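Chemist: Turn this into a model:
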Amino acid sequence: MLLLKDDPAAVQALKRPLSVAVEFAKTSGVVDSLEGAVHFRAGDALLTGVQGERWVIQRHKFEQSYTPVEPTINGKDGFYIKKPMLVWAKRLTQNISVAVGWQNDPLSGVSGDWLLQYGSDDFGIIQHDIFIKTYDILSAKKPS
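Modeler: The predicted structure is shown next:
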């Protein structure tokens, strides 16, 4: 099992509290993210980020990770910010593909992108320019 916390090239990062547009899927479908096509189910959260990039989060994970920005009502379409959460991140030096855990849809990253690990089998890939705008690197060296 791949664990970025064990990789000496990985860093800890924290998502900045930037608001993102969220709509909750009425039906199942596919989002064409920058890193690949990802299937979603009715009720999943469809997010649009700072550069118009789109991604999907399962509803239960979204509810644990995001909070509404007033006047948005929790659970309704609107603007949300991510709750503070440390992640492990590694800048890619080669092209890779990782599966989105709940759908096994492959996300593709190229050298220069960032691989993020949210949980033991929960990965994401973010283009470098978006990562720099949306995350703060907290440590260039892992704590002992």
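
Chemist: tell me the centre residue of the protein?
Modeler: Gly124 (5.3 Å; Cα atoms, centre = their mean).

Chemist: Do I have it right that it meets Tyr118?
Modeler: Yes. With contact defined as Cβ atoms under 8 Å, Gly124 reaches Tyr118; the gap is 6.8 Å. For the C-beta atoms, the positions are set from N, CA and C on the backbone; glycine is no exception.

Chemist: Which strand or helix spans the spatially closest residue to Leu138 that is not a sequence neighbour?
Modeler: Excluding the flanking residues, the one nearest Leu138 by Cβ to Cβ, 6 or more residues apart in numbering is Gln12, at 4.7 Å. Using DSSP states H and E, Gln12 sits within strand 11-15.

Chemist: and that strand, C-alpha only, in PDB?
Modeler: Provided in PDB are the C-alpha atoms of strand 11-15 (Å, rounded to 0.1, in the frame of the first residue of the first chain):
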ATOM      1  CA  VAL A  11       5.500  17.200   2.500                       C
ATOM      2  CA  GLN A  12       2.500  18.000   4.700                       C
ATOM      3  CA  ALA A  13       0.100  20.500   3.200                       C
ATOM      4  CA  LEU A  14      -3.100  22.300   4.300                       C
ATOM      5  CA  LYS A  15      -5.900  23.400   1.900                       C
END
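
Chemist: First residue to last residue on stretch 116-126, what's the distance there?
Modeler: End-to-end distance of stretch 116-126 (Cα to Cα, to the nearest Å): 8 Å.

Chemist: for the protein, what spans make up the helices?
Modeler: 59-65, 128-134 (DSSP state H).

Chemist: Format those helices as JSON lines; extra columns: mean pLDDT, mean neighbour count and distance to Asp7.
Modeler: Converted to JSON lines, the helices of the chain look like this (pLDDT from 0 to 100; neighbours: other Cβ atoms under 10 Å; distance: least, Cβ to Cβ, whole Å):
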{"stretch": "helix 59-65", "mean pLDDT": "94", "mean neighbour count": "15", "distance to Asp7": "23"}
{"stretch": "helix 128-134", "mean pLDDT": "94", "mean neighbour count": "15", "distance to Asp7": "16"}
